[in-house]
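Novice: with the input below, show me the fold.
(chains A and B)
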Amino acid sequence: MMPDLIRNLGDLLHQALESRTPIAPLTDTHPELTIDDAYGIQLRMIEQRLQAGESVVGKKIGVTSKAVQQMLGVFQPDFGHLLSAMVFNEGEPVLVDRLIAPRAEAEIAFILHSDLVGPGITADDVLRATDFVLPCFEIVDSRIKDWKIKIQDTVADNASCGVFVLGGQARRPHELDLALAGMVLEKNGELVSTSAGASVQGSPANAVAWLANTLGRYGIPLKAGEVILSGSQSPLVPVVAGDSLVCSVGGLGSCSVRFK
Amino acid sequence: MRLDTASIASLAEQLEAAELGAQAITKITDAYPDLDWDDAYAIQAGIRQRKESRGQRVIGYKAGLTSRAKMQQMGVSTPVFGLLFDYMKVPAGDSVDTGALIHPKVEAEVAFVLKRALRGPGCHIGSVLAATDFVMPAVEVIDSRYQNFRFDLQSVIADNTSASRFVAGGRRISELAGLDLRTLGIVLEKNGEIVALAAGAAVLGHPAAAVAMLANHLSLRGEELPAGSFIMTGGITEAIPVTAGDAINVRFQELGNLSIRFI
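Specialist: The predicted structure is shown next:
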């Protein structure tokens, strides 16, 4: 795809983000779009945000569950960038009018103390480079109208990232088996789903290793101090103002988020 | 009670024959639409009498329909309870003969063993944990005696809540103070592939709540859960169908793992 077109589509998505006005799927208007093109569009969108004064604070991994992979017809995860304006701390309400069609996902976040540079990164390397893990919510959002996304659409749209909330009890990653850590998600006091870490690529650490190796091919490291969201362990939960969610993880306490 | 003693004895005989002959029948409420909750437990007690008269023994209890979603679907606010007999227990790592079963499914559960008797009413999670000797992983094989697992509440209670086989083993934990059974993660693998993932809260918000409700349920008839009782608290995972040749392995956070094979 032409570099100009990639830039234009990145700008279009950035405008949609800024104006909270979703656009038609890029795969409708440009069916020839490849996944590589889509990452090019994502980088342009990120560039715009960096120029506006934001900074990269980490990465997110998406499309990690079998169910979502089947829905999108892909058999590997995708990734997006976490930026400074996406950070919410536990207790701080998330303002839904800043978003378009928000949905919540419960995940495990990794905070790195050392760089991870692929290829050749294993799950053990990830655990050794991790300062601590903690439960978190990623609030995904789509700049594509009605979430009518194909894999290229979500990749171009920064992996549908909206904002994220970190919380709970930080633990050293080797103090627990993340694959077996149970997760309980409740919305407005009612149980929504339960799961366990193995729902993400067999273990959340495997997903982070996948990301380090994938980015390694482009010469991009996962940097010390970055936060890595390892992928959803829950179904996508649509949220509106007034909703309140809690996810509890075996050994990691809980993380809560409320929407205003 | 709506049914006479003869009908109850006849239904107990039919249901037990379906179990022993591995032949599914239609749900009993088709012929007895008025059958109520008490009748259903009376039929279950009739099955118990038949088995005990042949020298078989009750070695524990089980709770069923313990997920909020299932309870809502069935229109009830408490789970259903059944009896575990000695012949249902399969040693860990051993195999189950599917030829003796109709359409078995497996569920991963947490089992409790009591060190003190529990008597309702008013039992709660706190009293259960205080009376617990240890918890351990369990895998239950359920096998409804009804065609296609199609039943209503009364039918499933009468059918001893689909109890069929179970395996319990792995790590026993008696120090419950530091163990969060709500967030205890479970990964169920069939033939090496992950087929179900869940956490303890899927059972009534907390697996110990099933034990409390069982003690409260028994108290309505002047019974208690004696010290030493073994109680399976209900499927944390969804029920997964199995056939001959399948191998099930369940990994429990903090509690080790448990395997069972089907031949």
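
Novice: the residue in the stretch 1-150 of chain B positioned nearest to chain A: neighbouring residues, count only.
Specialist: Shortest the stretch 1-150 of chain B-to-chain A distance, computed as Cβ to the nearest Cβ: residue-wise this is B:Arg68, at 6.0 Å. C-beta here means a position set from N, CA and C on the backbone, and glycine is covered the same way. A total of 15 residues lie near B:Arg68 under the criterion other Cβ atoms under 10 Å in any protein chain shown.

Novice: so what's it up against?
Specialist: Contacts for B:Arg68 (Cβ atoms under 8 Å, 6 or more residues apart in numbering or on different chains) come out as A:190-191, B:204-205.

Novice: can you say which of the residues you listed are buried?
Specialist: Buried by 16 or more other Cβ atoms under 10 Å in any protein chain shown: A:191, B:204-205, out of these.

Novice: which ones among those map onto strands?
Specialist: Secondary structure assignment (DSSP state E) places A:Leu191 from the buried ones among the contacts of B:Arg68 within strands.

Novice: got a markdown table for the buried ones among the contacts of B:Arg68, with distance to B:Leu188 too?
Specialist: Written out in a markdown table, the entries for the buried ones among the contacts of B:Arg68 read as follows (distance: Cβ to Cβ, whole Å):
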| residue | distance to B:Leu188 |
| --- | --- |
| A:Leu191 | 19 |
| B:Leu204 | 19 |
| B:Gly205 | 20 |
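
Novice: what's the closest non-adjacent residue to A:Thr27?
Specialist: Nearest in space to A:Thr27, with sequence neighbours left out and distances taken as Cβ to Cβ, 6 or more residues apart in numbering or on different chains, is A:Lys150 at 4.5 Å.

Novice: burial check on that neighbour, number of neighbours?
Specialist: Neighbours of A:Lys150 using other Cβ under 10 Å come to 20.

Novice: and for B:Asn148?
Specialist: One way to gauge burial is a neighbour count; for B:Asn148, by other Cβ under 10 Å, it gives 9.

Novice: now swap in A:Ala205 and tell me
Specialist: 25.

Novice: how about it, secondary structure?
Specialist: Secondary structure, DSSP: H, G, I helix; E, B strand; the rest coil: A:Ala205 is helix.

Novice: just checking, it touches A:Asp125?
Specialist: No - using Cβ atoms under 8 Å, A:Ala205 makes no contact with A:Asp125, being 9.1 Å away.

Novice: state the pair within the contacts of B:Arg68 that is farthest apart.
Specialist: Comparing all pairs in these by Cβ to Cβ, the longest separation belongs to A:Glu190 and B:Leu204, at 13.1 Å.

Novice: so what's B:Asp34 up against?
Specialist: So, once contact is read as Cβ under 8 Å, 6+ apart, B:Asp34 ends up touching B:2-3.

Novice: that one and B:Lys62: what is the separation?
Specialist: When distances are taken as Cβ to Cβ, to the nearest Å, B:Asp34 and B:Lys62 turn out to be 27 Å apart.

Novice: what of B:His206?
Specialist: 17 Å.

Novice: B:Val242: neighbouring residues, count only.
Specialist: Count around B:Val242 with other Cβ under 10 Å applied: 22.

Novice: what does the helix or strand containing B:Leu15 contact?
Specialist: Secondary structure here is read from DSSP states H and E; on that basis B:Leu15 sits in helix B:5-21. Helix B:5-21 is contacted by residues B:3, B:23-25, B:28, B:32, B:39, B:42-47, B:49-51, B:102, B:143, B:145, B:158-160, B:164 when judged by Cβ under 8 Å, 6+ apart.

Novice: ok so, going back, now render the buried ones among the contacts of B:Arg68 as CSV, adding pLDDT.
Specialist: As requested, these are arranged in CSV below (pLDDT from 0 to 100):
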residue, pLDDT
A:Leu191, 94
B:Leu204, 95
B:Gly205, 94
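
Novice: can you tell me how far the residue most central in space within chain A is from A:Phe137?
Specialist: In chain A, the centroid-proximal residue (Cα atoms, centre = their mean) is A:Lys60; its distance is 3.6 Å. Counting by Cβ to Cβ, the gap from A:Lys60 to A:Phe137 is 12 Å.

Novice: overlap in contacts, those two.
Specialist: Common neighbours of A:Lys60 and A:Phe137, counting by Cβ under 8 Å, 6+ apart, are A:Phe164.

Novice: need the residues of the stretch 51-200 of chain B near chain A, please.
Specialist: Taking Cβ under 8 Å from any Cβ of the partner chain, the part of the stretch 51-200 of chain B that reaches chain A is made up of B:68, B:180, B:182-187, B:194, B:197-200.

Novice: and stretch A:176-184, how far from the chain's centre?
Specialist: Its chain's average C-alpha position is 19 Å from that of stretch A:176-184, according to Cα atoms, centre = their mean, to the nearest Å.

Novice: in that stretch, what's buried?
Specialist: Within stretch A:176-184, the residues that qualify as buried by neighbour count (16+ other Cβ under 10 Å) are A:176-184.

Novice: now, of the contacts of helix B:5-21, which are buried?
Specialist: Buried members of these, scored by 16+ other Cβ under 10 Å, are B:3, B:24-25, B:28, B:32, B:39, B:42-47, B:50-51, B:102, B:143, B:145, B:158-160, B:164.

Novice: what bridges to the residue of the stretch 151-260 of chain A found nearest chain B?
Specialist: Residue of the stretch 151-260 of chain A nearest chain B, by Cβ to the nearest Cβ: A:Gly182 (2.9 Å). Per DSSP bridges, the residues bridged to A:Gly182 are A:Ala196.

Novice: what's the helix or strand of chain A with the lowest mean pLDDT in contact with?
Specialist: Within chain A, confidence by mean pLDDT, DSSP states H and E is lowest for helix A:66-72 among all helices and strands, at a mean of 84. Contacts to helix A:66-72, defined as Cβ under 8 Å, 6+ apart, come from residues A:62-63, A:75-76, A:149-151, A:154, A:232, A:235.
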